[in-house]
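Here is my input, please return the structure:
(one chain, ligands or ions: 1)
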Amino acid sequence: MMHKNRRAVAATLSRALGLVAPEDPAALARHARGYLRDIFRRCDLGVTGVNFAVAETGTLCICTNEGNGRLTATRPRVHIALMGIEKIIPRLADLAVFLKVLARSATGQPITVYTSLIHGPRRSGDPDGPEQLHVVILDAGRWAIQRSEYRDVLRCIRCGACLNACPVYQAIGGHAYGSVYPGPIGSIVTPMLGDGTGAELAYASSLCGACQEICPVRIAIPDLLIRWRQMEAGRLLPAWERAALWAYARIARHPAAWARLGRWAMALLRRLGRGGWLRRGPGPLRAWTTVRDLPVPQRSAFREWWASRKGGAS
Ligand code: SF4
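Purely as a prediction, here's the structure:
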């Protein structure tokens with residue numbers, strides 16, 4: 001609930017519990033605990049994710065700051081743990097490094113408050129734990145990613161640091177796109193792991209690089225976003241825009257043709273303008289001039305001014 005303030009939490013609890021919840025954090029925690037504990041007590045089956053799975057020992061590691069993972073994994077009779085194949089790490093010794101990196105990058109803590117290491121169902125003599133433990137290991141497109149140029153995304157430990165550092169997601173919040181994987185890394189992972197929806201998310205980035213800088217496992221997110229855009233551009237852009245970009249790419253390689261085209265475009269815009277402003281642009285430019293006025297271009301282009309200046313200086 002780090003993306004909600006205490007007023008939003010109070011409003012949510014009031015709605016769910018049919019009471020007027022106070023805006024005091026300690027009182028809110030008491031209300032939530034009283035309500036949720038009872039539900040946990042009555043549940044027969046608990047489903048959790050897995051943060052890391054250790055191949056050497058068969059250990060499942062679940063990290064939560066609220067304790068909900070531990071309650072779900074120990075109280076019900078059956079525990080089902082769902083994990084992607086990329087969660088598997090080789091040795092128990094590696095886990096210490098990952099736990100430290102995860103907690104520091106996610107919330108700045110030395111370690112996540114509830115870090116549970118699970119080795120199986122309850123044994124005789126154990127005070128708690130489920131009678132049955134089932135581990136579901138998901139591929140769901142991950143092997144395909146592993147074999148693609150996007151394989152680095154499988155290094156992600158879901159710390160959320162890129163989400164918190166991103167100026168776009170700072171403004172819109174983590175749940176804006178309704179994806180399980182929010183933020184910059186989610187823009188790449190969401191369309192690859194799901195049904196292909198969310199391909200346009202890669203465009204919700206200024207490519208400032210804040211995500212790559214903060215990422216503890218150094219995933220080059222902006223590079224991957226650009227690659228994704230290149231791959232998806234053909235599918236996402238309308239035909240006229242693809243044709244315009246194709247023409248732009250060809251003309252921009254020939255300076256003389258580019259300068260001539262610029263002069264024609266400036267002459268056209270000057271002709272369409274009134275009183276020094278273009279208020280109703282032609283074609284696709286109209287969408288822009290509907291909400292903004294565009295000053296008509298000067299008589300001489302920048303490159304002409306620059307050439308004359310250089311000529312004067314020499
Ligand atoms: S991409 Fe990096 S910063 Fe973003 S959630 Fe994954 S590990 Fe954390």
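
The closest residue in space to residue 159 that isn't next to it in sequence: what's it in contact with?
What sits nearest to residue 159 in space, not counting adjacent residues and going by C-beta to C-beta, 6 or more residues apart in numbering, is residue 105, at 3.9 Å. For every residue, glycine as well, the C-beta is placed using N, CA and C. Residue 105 makes contacts with 157, 159-161, 214-216, as judged by C-beta atoms under 8 Å, 6 or more residues apart in numbering.

So residue 105, which state does it fall into?
helix (DSSP: H, G, I helix; E, B strand; the rest coil).

quick one: it and residue 297, what's the gap?
49 Å (C-beta to C-beta, to the nearest Å).

Which stretches in the chain count as strands?
Here the chain has its strands, by DSSP state E, at 45-48, 52-54, 59-64, 78-84, 88-89, 114-118, 132-138, 277-278, 294-295.

Need the ones you listed in a markdown table (columns: distance to residue 23, mean neighbour count and mean pLDDT).
Below are the strands of the chain laid out as a markdown table (distance: least, C-beta to C-beta, whole Å; neighbours: other C-beta atoms under 10 Å; pLDDT from 0 to 100):
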| stretch | distance to residue 23 | mean neighbour count | mean pLDDT |
| --- | --- | --- | --- |
| strand 45-48 | 30 | 17 | 97 |
| strand 52-54 | 36 | 21 | 98 |
| strand 59-64 | 24 | 22 | 97 |
| strand 78-84 | 35 | 19 | 97 |
| strand 88-89 | 41 | 16 | 97 |
| strand 114-118 | 25 | 18 | 96 |
| strand 132-138 | 39 | 14 | 97 |
| strand 277-278 | 50 | 16 | 90 |
| strand 294-295 | 48 | 13 | 88 |
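
Can you tell me which of these is nearest to residue 238?
Taking C-beta to C-beta, strand 294-295 is the member of these nearest to residue 238, at 22.1 Å.

Would you mark the buried spots in stretch 223-236?
The neighbour-count criterion (16 or more other C-beta atoms under 10 Å) identifies 224-225, 227-229 as the buried residues of stretch 223-236.

what does it contact?
By C-beta under 8 Å, 6+ apart, the residues outside stretch 223-236 that reach it are 149-150, 152-153, 184, 187-188, 191, 199-200, 202-203, 205, 207, 242, 245.
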